[in-house]
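**Q** need a structure here:
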Amino acid sequence: MPRTLPEPSVDSFDLTVILSALADPGRRTLMRALYESVDPIDCAILVARVDLGLSNPTISHHYRVLREAGLTRTVADGRKRVVRVRREDMERRFPGLLQAILGADERSEPPSVG
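**A** Numbering: from 1, shown residues only. The predicted structure is shown next:
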């Protein structure tokens, strides 16, 4: 039977925790891929699509940090995990924040060397 893993309520979202979760480039990459996928997606499929070059335990840790910050919702069904961005909840609590952070990464250019 599917069950939603523990996550904070919208009222308990903490901006510092959210910004800390999004400070890691790997987590931002996962979030961007999730944000672009309107429908919930299997964690394993997403990781295969977004090759981060990280170990499975590290990727699981990243998913947990995003969920515990309130950024994602994860539903477990046996060994399968399906995840999605909590768009509406984030917009209600911090309008425009997620789109601004993820969009800023796309707009920024790598620093020039030399």
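
**Q** helix or strand right after the helix or strand containing I18?
**A** Assigned by DSSP states H and E, I18 belongs to helix 15-22. Towards the C-terminus, the helix or strand next in line after helix 15-22, according to DSSP H and E, is helix 25-36.

**Q** which stretches of the protein have low pLDDT?
**A** Low-confidence segments of the chain, defined by pLDDT under 70, are located at 105-114.

**Q** re earlier: ok, and what's touching the helix holding I18?
**A** Applying Cβ atoms under 8 Å, 6 or more residues apart in numbering, the external contacts of helix 15-22 come out as 27-28, 31, 65-66, 68-71, 94, 97, 101. For every residue, glycine as well, the C-beta is placed using N, CA and C.

**Q** which of these sits closest to P6?
**A** E68 (7.8 Å; Cβ to Cβ).

**Q** wait, the closest one sits on E7?
**A** Yes: the pair E68 and E7 passes the contact test of Cβ atoms under 8 Å, sitting 7.2 Å apart.

**Q** could you measure from the most centrally placed residue in the chain over to S9?
**A** Residue closest to the average C-alpha location in the chain (Cα atoms, centre = their mean): M31, at 3.6 Å. Plainly put, M31 is 20 Å away from S9 if you go by Cβ to Cβ, to the nearest Å.

**Q** returning to that earlier point: the contacts of helix 15-22 in helices, which ones?
**A** Judged by DSSP state H, the subset of those located in helices is 27-28, 31, 65-66, 68-69, 97, 101.
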